[in-house]
Every structure is written in C-alpha cells, then in structure tokens.
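Trainee: Fold the following for me, if possible:
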Amino acid sequence: MRAEHFASNEDTIVALATAQGVGAIAVIRLSGKEAFQICNQVFKSKDLTKQPSHTLHFGTIRDEDKIIDEVVVSLFIAPNSFTKENVVEISCHGSNYIVRQIIQLLVKKGARLAKPGEFTKRAFIHGQFDLAQAEAVADLIAADSEAAHHAALNQMRGGFSNEIKKLREELIHFASMIELELDFSEEDVEFASRDDLKQLVNNLLQVITALIKSFNLGNVIKNGVPTVIAGKPNAGKSTLLNALLNEEKAIVSDIPGTTRDFIEDEINIEGISFRFIDTAGLRETKDKIEAIGVERTHEKMKQASLIIYMFDLSNTDPMEIGKEINQLENLGIPFIAVGNKIDKATATMLEKAKDFNLTLLSALNKENLETLKAKIIEAVNLDTFKTGDTIVTNLRHYESLLQTQNALNDVITGIDNSITNDFLALDIRQALHHLGEITGEITTDDLLGNIFSKFCIGK
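Mentor: Now for the predicted structure:
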C-alpha cells in the first residue's frame, strides 16, 4: 500500500506552513525530490543543491530581475526531514502579497500546490510515523488546553500506537499457530492451546475495554466539557457565568426570564477546557419565547457532561431543593448543586443547605468561586489521565476498538463452542484487521483521503 502511494506522489509540493494572515514572518514549505532545484531557480545567493542539510542561507527571491523579498532558506536533505523527502522552508516577510508571489513563482518553476495534510501524509507513507501518530499531529495543532496538548503529544510520540502494537503482536502469534493447524488439518495436530488462546483473548479484552472506556474522558480532554448552568429564574446563573469568565458576557437583571436562549463561552480550569452554557430559567410560563428557551434548557441538560444547578438561597423553599435534586439524580448526568446568594440567606437556610450538600457561594461577590472550580475539576475525574495511562481521544480509533472487541468476543464464543479452525482463524483475522486500521498497517485510499483532508493545508 505504501509503495503505491509513494509512486503516485513523486511531484514536489508547496504550501504556506504558517497561519494565514499578515504577520512579521511567514514560512513557505516545499517537499519532494526536486525541492532544492525548484527553489534554486528563484533564490539568489548560493547554489542550494551543493549545501549541507540543516543549514540556513540568506538571499533574495527573484522573478527574473524583479526582487520579491529578502528571505532565509532552511534545507533538510532526505531522509532527515519531516516528510523524509528533500524539504525547503522559505522564511519571508508575512505580507499576503509576498507569500502569494513566492508560491505562484515556485508553482511556475515546477512545484504544485499541496493538498490538505499532504506533508503529514507523505511522512506517514515514508514511515516517519504510523497513522495514529499522524492524526495526533492535527490534534496537537488544535490543542488549546494543557490536557489536550498532553494527550496529543503522548499519542504523537507513540504511546497509544505502542499499546495497540503490543496487542496485535500477541494476537498475531496465535493467529499464525491456528493458520499452521489448518495446513495440517488432516493430521489433527494442535499447535495452539485453546486454553492459552482464551486466556490471551481475555487479557486483550481487558485492555481494549479499558481503552474504550477511556474515550469518554478522552473526548472531554480533546473537545472540552459541555457544562450547563441551570436553575430557576433569578438563581444567579448569568451572574455565575460572568464571574467565571471574569467579564460581562450575559445580561444580568432582577426581572425573571431575562435569558430566553442559551449563552455559551469557554474557560480553562487547571488545563481543561470547559464550555459553559448559561440557560433560560426553568419554570412554567405562558410566554411563547421564554417557553422555547425553557425547552432548550432541558435539551442542553440532557446533552451535558456536567450540570451546575443553582438555587437562590434567599427565597427557595428547602422542600423544593430536595425535589429538584431528586430530579437531577434521575437524569444520570454528573451535577453540582450550588446554593447561591449566601450574602442574602438566613442562618437557618444556610444550615439547611448543608443537609443537601450544596456548594455555597455568592456569584455576585465572587465568594467561594475557587471552591466551585475545585468541585468542577473533581466532577470531571481526571485521575486516570494524570497517572499517564493511555487515553483514546479519536472517534475513528474508538470505533475500531469496538469492532476489535466484537471480533475477540466472537473468538471466545468460538472456543467455547469448539468451532472449526477456519472460522476461528476468520474471527482472529477480523480482530487483527481492526487493530491494524488504527495504526495504518491496514489502509485504503478512501481512509487516508478522509483522514488527511481534515488537516490544514501546509501541514
């Protein structure tokens, strides 16, 4: 498969490697066999084809006698580059006009524009890293929190891939023994103990099940935690959102029903991104617009990973608190019950609030806000991640692991029912196939095209 891709990608590609937009510096990347020769035609200083790898050279980019820019050119000779091809990186001034002129000139001299993710795709094709590591490159670029960065970096450096490869290698050994038995089927020879195979598959299932379970946490780390702030009108939901964001994002008013729709913004707490959603107050209303807002609040609560449910301690009946907490428990979604407006609550009410294990605060005065943040982090439960365990963050990997799990369960069922070796071998091959899809041992053009099309151009 890799040889076919290599044969169809002999041309030299070019793209802007830095972000679009005006800046002090822009970097234009070329990769391919003719990268040095193409750049040499427009770069006036030294003969780039005679320079050593990993060197920098100052000069000008010219279109005939017209100077486009003064630049610094970096050289990386194959295989000592990101793509394992000859790579040239041109650092020019960050003018959009200059970037366009240089890229157009390089295309005119023989390069072609790179497709999204094509540099990383070539790195994969040439064995720089496997497919899971290649996907982690995009995750690393998109990471906007410490946890997401840590997870992507661990995957890019092979942490997840190594886990999958170990599982696959153990299974391949038994698969080869089963295949060997098929060759000697008439002689009734057993090369692979069924008890040993069952023990191995059960061990693999334990590891794979743990990886599958880690996806919920991985999804939180990668995409942020959707956290709904809910409660009755005037409980202080908008005030809390503003306090958490440290800005006046939501309109705060004493008039019930001010928030008719949800307001959303993101905040980073201890390296984790939380998408806080301020919702319309929950109450029965004849106002059609407000009723739509209330309905959307219920929908958002069902979709949330965490609910912060607020009670106004200055005018809420304790019986009502107990009733609403029971309703929250029935949703089956992690929640933090918050008693707000402690500055206006009576001593009796504050004492009763402890019976309901409420987190007490004053959103208006930002009192006990750090206590709430600590509870939020605790509710997400990042202990597994912080121990350095492998975390699944990619939906494609998650789906392949589910299919692997199904195939391995079929192997166990087959062993228990003494099925013939040819069917047993088929189930093992299925498990190996799905594990191989994760790291790229098993690939198709459609799979690669779908994965790398989601990358930015220039990466």
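
Trainee: can you tell me which helix in the chain is longest?
Mentor: helix 194-223 (DSSP state H).

Trainee: From the chain's centre, how far out is it? Work that out for me.
Mentor: Here the centre of helix 194-223 is set off from its chain's centre by 19 Å, with CA atoms, centre = their mean, to the nearest Å.

Trainee: Check which element follows it along the chain.
Mentor: Counting by DSSP states H and E, the next helix or strand C-terminal to helix 194-223 is strand 225-231.

Trainee: Just after that following strand, pick out the following helix or strand.
Mentor: Following strand 225-231 in sequence order, the next helix or strand is helix 237-245 (DSSP H and E).

Trainee: What helices and strands are in contact with that next one?
Mentor: strand 225-231, strand 263-269, strand 272-278, strand 306-312, strand 335-340, helix 369-380 (3 or more CB pairs under 8 Å, 6 or more residues apart in numbering; DSSP states H and E). Using the backbone N, CA and C atoms, a C-beta is placed for each residue, glycine as well.

Trainee: and of these, who's closest to A142?
Mentor: Counting by CB to CB, A142 lies closest to strand 272-278 out of the helices and strands packed on helix 237-245; the figure is 11.3 Å.

Trainee: Touching, L153 and V137? I think so.
Mentor: No. Applying CB atoms under 8 Å as the test, L153 and V137 come out as separate, 10.4 Å apart.

Trainee: quick one: which of the two has more around it?
Mentor: Shown here are L153 and V137; by other CB atoms under 10 Å, V137 has more neighbours (21 against 14).

Trainee: Which positions in the helix or strand that contains the more buried one come out as buried?
Mentor: Counting by DSSP H and E, the element that carries V137 is helix 131-142. For helix 131-142, burial by neighbour count (16 or more other CB atoms under 10 Å) applies to 131-139.

Trainee: got those as JSON lines, with pLDDT and distance to S145 columns?
Mentor: JSON lines is the format used below for the buried residues of helix 131-142 (pLDDT from 0 to 100; distance: CB to CB, whole Å):
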{"residue": "L131", "pLDDT": "82", "distance to S145": "24"}
{"residue": "A132", "pLDDT": "81", "distance to S145": "21"}
{"residue": "Q133", "pLDDT": "83", "distance to S145": "21"}
{"residue": "A134", "pLDDT": "81", "distance to S145": "22"}
{"residue": "E135", "pLDDT": "81", "distance to S145": "18"}
{"residue": "A136", "pLDDT": "80", "distance to S145": "15"}
{"residue": "V137", "pLDDT": "80", "distance to S145": "17"}
{"residue": "A138", "pLDDT": "77", "distance to S145": "16"}
{"residue": "D139", "pLDDT": "79", "distance to S145": "12"}
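
Trainee: How is the protein divided into domains?
Mentor: Per automatic domain parsing, the structural domains of the chain span 2-129, 131-440.
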